[in-house]
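Asker: Have a look; sequence and predicted model below, questions after that.
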Amino acid sequence: MTDARTLTPTELPAQAESLLAKGFRVALVAGHDDGDKLRAVYLFTAANPDRRVELHIPLDKNNPRVPTLAGLSFPAGRFEREMRDLFGIVPENHPLPRRLVRHFHWPQGWYPMLSDAGTPPAFEDVAGPYPFRTVEGDGVYEIPVGPVHAGMIEPGHFRFSVVGETILNLKARLWFVHKGIEKLFQGRRAAAALDLAGRVSGDTTAGHTLAFCLAVEDAYGIAVPDDALRIRAILLELERLYNHITDLGALCNDVGHGILNTQAQRVREHLLRHNDHVTGHRLLRGAIHPGGAHILNPPDLDLLADLDADIIEIVELALSHSVVRDRFTGTAVLTRQQAADLGTLGYVARASGLTGDARIDHPFFDMGGTPAEHTHTDGDVLSRFMVRAEEIRHAIALVTRLAADVRDLDATAAPGLSPVARSGVGIVEGWRGTIVHRVELAPDGTLTRVKIVDPSFFNWPALPVALADTIVPDFPLTNKSFNLSYAGNDL
Amino acid sequence: MSALGVVGGVVQPLLVVAGSPLLIGVLRQVRAKLEGRAGPGVLQPWRDLRKLLLHKESVTPRGTSEVFRYAPLVLMATTLVVAVVVPFVTTASAVDPVADLFAVVALLALGAVALALAGLDTGTAFGGMGASRETTILALVEPTLLVAIFALSVRVGSTNLAAIISSTLDDPARVISPVSLLAAVALIVVIIAETGRLPVDNPATHLELTMVHEAMVLEYAGPDLALVELASAMRLSVFLGLLANLFLPWGIATTATPLALLIGVAALVVKVGLLGAALAAGEVFLAKMRLFRVPELLAGSFLLALLAVAASFFLA
């Protein structure tokens, strides 16, 4: 169903502009090393009806240059910087031509994703200064935080420019943990790469595994049985459940209201044990595979109904607490316009009034029903709290409805013998937002390139924007309300 | 210097030093139980102190001066002096002139200021941030503290804490006077703010950016940190003991007999323990206020203290 077009670099901007004007968004941009040539692939997607357009730009290996799309789409500009750091494909006239992914200590001119990159070289001396925008003025000072934090947090450096307690400017410096996971996929067969896909971001096992499987099935042309699709949809919602309730508790904890966190943790533990009961793994690993899905037991609907009642109570208690509500309300507002301009996804986007949801826009299975309705869309912490609470209720209802129709707990289609297409795309609404995987396969079925896009890649730039004019002590709360993945962002 | 005062001056600091970590342990345990957690047990703060004292070494950050090194000592010394002189177990004070309202409040403020200076001395963003927040709170807390206790001293005609407590013992009806009640509420609020409890500061947080007290002491390690932690726990005991004895002095020893002293010790332990448990239980229902709301709360408590003083003149 993907419409692929091959273009020259000069044709790219006009094509991209016309696609964006038709309501497409930039879902993925990836570099490819085809041996004698490089190739940039731009995936545009649009909703209602589900449309996917790929633009392939073959490039000269000695001088790979593409015209930048940064002026048309902010996410495209970030993808281009990523592509430049990993493949050396230069976006011409990019407004912010600084490194993005490239670690401080990587040697200049070493591009890890090229086929002849070899083993990672030893770390070199720090390559030049890392420029932070300096804010000057009376009483302005800087607070550097991280990359090593006091809690169990992934590494990220935050540089606050502050006057008094008010944040004037925040720079989030990430990209400390490049794992080369995309390269690890190469040369494996799909089944052997499944475990990798499940570990892109530890809390999004079902989401990333499913996106990968959908991409592989797209390439092989496999039609997956309905029961397997239902099971997959259920697993996706179970993952959303346990992550959302964790966040609800953590948000309460960050305003010092610990008892609700304790209760949320209790609910989370029940959900994790329920995951174990359903799939044999607390984090839902191993249940989804190319061509199908299998679970050990159907979801325990009585337990979910009980937990639903508990979650409703937790949310009510949080909202009826005047201090908690005061801390949430109006804190770190991301306006609808900002959310749309930055291309945010998932609950961050929905809390700002956008409606993107891959379950509706790019359905792998027609689940029926309506999406969750959101009562708070002001873009503040309260909205992000409420969106999660409402999605939890929706997810439990969805699981309950889908579980009634599941007859076969182990449903798998016959595996395709060889790929019918060279590439495939998988789009899934993970709990954080829309996950996109794009795979390319050799005729013998080994993976030649896998590009993973976690919604965190789109949402990270929104955090500093939302934090402007927020006070420093509200940063942890805001950060938690976004709860972005470092691992899914820095592949 | 009476025999009673000397006995008090020996027993009180021993009791405060030994008991304060247990008080913190009780607070945490009460909170854990109410939240449905098992909790680490009341002895955990002592285990932590033992670890810091015996198995860790002090690390002095590069570029810090004597201010940083002496601050834990100043904090501990001032708190110890307060523990010696304030009538906690016996009505007589070991060093009667120092058991003065202004002297005691000044001593407690001195310790807090020393720690804030140490936070600044580290030169780190967190130390400065913590010190700035602490000073903001301190500036609002100290006047309230003074005025609230002053309200109680008006009718006694003396700012000597021993005199205030003895007069309450002689005339128990005073406890339920408007003056006492207003002053008690004001004192409770400032004690919560001064000792870094919810809703002003979250003692359980690990988030550097939201900390107040913890941000100032981030750079301390080993025995230095143990000293700061112990002194902070003692400050909480001292404040709660002061609150208990100003408004409910019963049980305090008026003679130097062993039985009276035993009752005095037991009474203090029970009163402070109950106040601490009540504090911890109350915290379960609270959340941390937005930083800029804290001055509003403290201004409110200052108003109550002022009303207490006014009432003490008009109702006397």
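Answerer: Noted; the coordinates are in hand. Residues are numbered from 1 along each chain as shown, chains lettered A, B, ... in the order given.
Asker: How confident was the prediction at whichever residue of the stretch 51-200 of chain B sits closest to chain A?
Answerer: Among all residues of the stretch 51-200 of chain B, residue B:125 sits closest to chain A, at 4.0 Å; criterion: Cβ to the nearest Cβ. Using the backbone N, CA and C atoms, a C-beta is placed for each residue, glycine as well. Model confidence at residue B:125, expressed as pLDDT, equals 84.
Asker: Could you report the neighbour count for it?
Answerer: 19 (other Cβ atoms under 10 Å in any protein chain shown).
Asker: Residue A:164 now?
Answerer: 13.
Asker: need the contact list for it.
Answerer: residue A:139 (Cβ atoms under 8 Å, 6 or more residues apart in numbering or on different chains).
Asker: Would you mind measuring from it to residue B:292?
Answerer: 10 Å (Cβ to Cβ, to the nearest Å).
Asker: again, but for residue B:218
Answerer: Distance, residue B:218 to residue B:292, using Cβ to Cβ: 23 Å.
Asker: Residue A:472 too?
Answerer: Separation of residue A:472 from residue B:292 (Cβ to Cβ) stands at 11 Å.
Asker: neighbour-wise, which of these two wins?
Answerer: residue A:472 (23 against 13).
Asker: Please report the number of neighbouring residues for the nearest residue to residue A:145 once chain neighbours are set aside.
Answerer: Excluding the flanking residues, the one nearest residue A:145 by Cβ to Cβ, 6 or more residues apart in numbering or on different chains is residue A:158, at 4.6 Å. For residue A:158, the neighbour count with other Cβ under 10 Å is 21.
Asker: do residue A:62 as well
Answerer: Residues near residue A:62, counting by other Cβ under 10 Å: 6.
Asker: can you check residue A:414 too?
Answerer: 9.
Asker: Over to residue B:111?
Answerer: The number of residues packed around residue B:111, counting by other Cβ under 10 Å, is 24.
Asker: Where does it sit, in terms of helix or strand?
Answerer: Using DSSP states H and E, residue B:111 maps to helix B:101-121.
Asker: Any part of the host helix or strand of residue B:276 near chain A?
Answerer: Assigned by DSSP H and E, residue B:276 belongs to helix B:258-284. Yes: contact of helix B:258-284 with chain A (Cβ under 8 Å from any Cβ of the partner chain) involves residue B:284.
Asker: does any part of the worst-scoring helix or strand of chain B on mean pLDDT sit near chain A?
Answerer: The weakest-scoring helix or strand in chain B, judged by mean pLDDT, DSSP states H and E, is helix B:213-216 (a mean of 86). No: if you take Cβ under 8 Å from any Cβ as the test, helix B:213-216 misses chain A, and the best it gets is 9.2 Å.
Asker: Excluding chain neighbours, what is closest to residue A:224?
Answerer: Per Cβ to Cβ, 6+ apart, closest to residue A:224 is residue A:413, 5.3 Å.
Asker: check contacts around the residue of chain A found nearest chain B.
Answerer: Of all residues in chain A, residue A:256 sits closest to chain B, at 3.2 Å by Cβ to the nearest Cβ. Residue A:256 makes contacts with B:198, B:199, B:202, B:204, B:205, B:286, B:287, B:288, as judged by Cβ under 8 Å, 6+ apart.
Asker: ok, back up a step: settle this for me: the residue of the stretch 51-200 of chain B closest to chain A is touching residue A:142, isn't it.
Answerer: Yes: assessed by Cβ atoms under 8 Å, residue B:125 is found in contact with residue A:142 at 6.8 Å.
Asker: What parts of chain A come near chain B?
Answerer: Near chain B, when you scan chain A using Cβ under 8 Å from any Cβ, you find A:141-145, A:149-151, A:165, A:252, A:254-259, A:262-263, A:266, A:321, A:323-324, A:326-327, A:471-476.
Asker: Strand partners (parallel or antiparallel) of the helix or strand that residue A:438 is a member of?
Answerer: Residue A:438 belongs to strand A:434-441 when elements are defined using DSSP H and E. In the sheet, strand A:434-441 lines up against strand A:423-429 (antiparallel), strand A:447-453 (antiparallel) (DSSP bridges).
Asker: Export the ones you listed to a markdown table and append columns for mean pLDDT.
Answerer: Formatted as a markdown table, the strands paired with strand A:434-441 follow (pLDDT from 0 to 100):
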| stretch | mean pLDDT |
| --- | --- |
| strand A:423-429 | 94 |
| strand A:447-453 | 95 |
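Asker: Can you convert those strands into CSV and add a column each for mean neighbour count?
Answerer: Shown next, in CSV, are the strands paired with strand A:434-441 (neighbours: other Cβ atoms under 10 Å in any protein chain shown):
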stretch, mean neighbour count
strand A:423-429, 25
strand A:447-453, 24
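Asker: Make JSON lines out of these and add distance to residue B:262.
Answerer: As requested, the strands paired with strand A:434-441 are exported to JSON lines (distance: least, Cβ to Cβ, whole Å):
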{"stretch": "strand A:423-429", "distance to residue B:262": "69"}
{"stretch": "strand A:447-453", "distance to residue B:262": "71"}
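Asker: circling back: who does the least confident helix or strand of chain B touch, helix- and strand-wise?
Answerer: helix B:101-121, helix B:125-154 (3 or more Cβ pairs under 8 Å, 6 or more residues apart in numbering or on different chains; DSSP states H and E).
Asker: Among these, show the one with the smallest mean pLDDT.
Answerer: Taking the mean pLDDT of those, helix B:125-154 comes last: a mean of 89.
Asker: Can I take it that residue B:61 is in a strand?
Answerer: No: using DSSP: H, G, I helix; E, B strand; the rest coil, the assignment for residue B:61 is coil, not a strand.
Asker: Quick check: it touching residue B:119?
Answerer: No: with contact defined as Cβ under 8 Å, residue B:61 does not count as touching residue B:119 (11.6 Å).
Asker: For these two, work out which one has more neighbours and name it.
Answerer: residue B:119 (30 against 15).
Asker: Tell me how many other residues crowd residue A:278.
Answerer: By other Cβ under 10 Å, the residues close to residue A:278 number 23.
Asker: Test my guess that it contacts residue A:299.
Answerer: Yes: counting by Cβ under 8 Å, residue A:299 is a contact partner of residue A:278 at 5.7 Å.
Asker: Mutual contacts of those two, please.
Answerer: Common neighbours of residue A:278 and residue A:299 (Cβ under 8 Å, 6+ apart) are residue A:238.
Asker: The least confident helix or strand of chain B: what's the following helix or strand?
Answerer: With DSSP H and E, the next secondary element past helix B:213-216 is helix B:222-247.
Asker: Does anything pack onto that next one? Which helices or strands?
Answerer: The criterion is 3+ Cβ pairs under 8 Å, 6+ apart, and the helices and strands that helix B:222-247 contacts are helix B:3-34, helix B:44-50, helix B:66-85, helix B:101-121, helix B:161-170, helix B:178-194, helix B:258-284.
Asker: give me that answer again for 7 Å
Answerer: Where contact means 3 or more Cβ pairs under 7 Å, 6 or more residues apart in numbering or on different chains; DSSP states H and E, helix B:222-247 is packed against helix B:3-34, helix B:44-50, helix B:66-85, helix B:161-170, helix B:178-194, helix B:258-284.
Asker: Tally up the residues packed near the residue nearest to residue A:224, please.
Answerer: 15.
Asker: In contact with it, which residues?
Answerer: Counting by Cβ atoms under 7 Å, 6 or more residues apart in numbering or on different chains, residue A:413 touches A:222, A:223, A:224, A:225, A:291, A:292.
Asker: Surely the third one is in a helix?
Answerer: To tie it back to what came earlier, the one meant is residue A:224. No: secondary structure of residue A:224 (three-state DSSP): coil, not part of a helix.
Asker: ok, and the closest non-adjacent residue to residue A:260?
Answerer: Spatial nearest neighbour of residue A:260, excluding adjacent residues (Cβ to Cβ, 6+ apart): residue A:252 at 3.9 Å.
Asker: I'd guessed that neighbour sits against residue A:262; true?
Answerer: No: judged on Cβ atoms under 7 Å, residue A:252 makes no contact with residue A:262 at a distance of 9.4 Å.
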